[in-house]
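In: Coordinates for the following, if possible.
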Amino acid sequence: MNTSNDTHLKSIGYILWIFGFTGSHRFYYGKPISGTIWFFTLGLLFIGWIIDLFLIPSMDRQADLRYHSGPLDYTIAWILLTFLGLLGIHRFYMGKWGTGIVYLLTGGLFGIGFLYDLWTLNDQVSLINSRP
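Out: Next up is the predicted model:
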């Protein structure tokens, strides 16, 4: 595999898998629909969560093929979203200063913007990374 396009880290995927019954690893790898299903069903009653332990390498490969590497690091963006997303710090990191300030003043647009970013962060970073 071309390591220059290693957009997501398996180690982060496995760390997130520990909390995988919340769907966090699936969101990280760009699978928001199944991530949401995992969140509301506790990883399909923990069965899907256990199966995902073996699926992480393929999810990692798929993410590496799907998303563009570049100046923004996906893992940093995800860490900022996870821990400081309601403050919009991940948006400042992506250079989106206007919405970063709005998130900072409104708690991530009252949480709705945070949820939107949970679904779309990989695509947002990939779009920025694909610009010349």
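
In: Next up, the contacts around the residue positioned nearest the centre of the chain.
Out: Note on the chain: the residue nearest the mean C-alpha position is residue 28, at 3.3 Å, using C-alpha atoms, centre = their mean. The contact partners of residue 28, taken as C-beta atoms under 8 Å, 6 or more residues apart in numbering, are 8, 12-13, 16, 78. For every residue, glycine as well, the C-beta is placed using N, CA and C.

In: how is this protein carved up into domains?
Out: 3-66, 74-130 (automatic domain parsing).

In: Can you redo these as JSON lines, where the extra columns are mean pLDDT?
Out: Formatted as JSON lines, the domains of the chain follow (pLDDT from 0 to 100):
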{"stretch": "domain 3-66", "mean pLDDT": "92"}
{"stretch": "domain 74-130", "mean pLDDT": "96"}
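
In: which residues are contacting stretch 7-19?
Out: Defining contact as C-beta under 8 Å, 6+ apart, one finds that stretch 7-19 is touched by 24-25, 28-29, 49, 52-53, 56-57, 59-60, 63-64, 67-69, 74-75, 78, 126.

In: in that stretch, what counts as buried?
Out: Neighbour-count burial for stretch 7-19 flags 7-9, 12-13, 16-17 (criterion: 16 or more other C-beta atoms under 10 Å).

In: Mind checking which of these are in helices?
Out: Mapping the buried residues of stretch 7-19 onto helices (DSSP state H) picks out 12-13, 16-17.

In: Among these, which one sits closest to residue 97?
Out: Proximity of these to residue 97 (C-beta to C-beta) peaks at residue 12, which lies at 26.4 Å.

In: Perfect, I'm done here.
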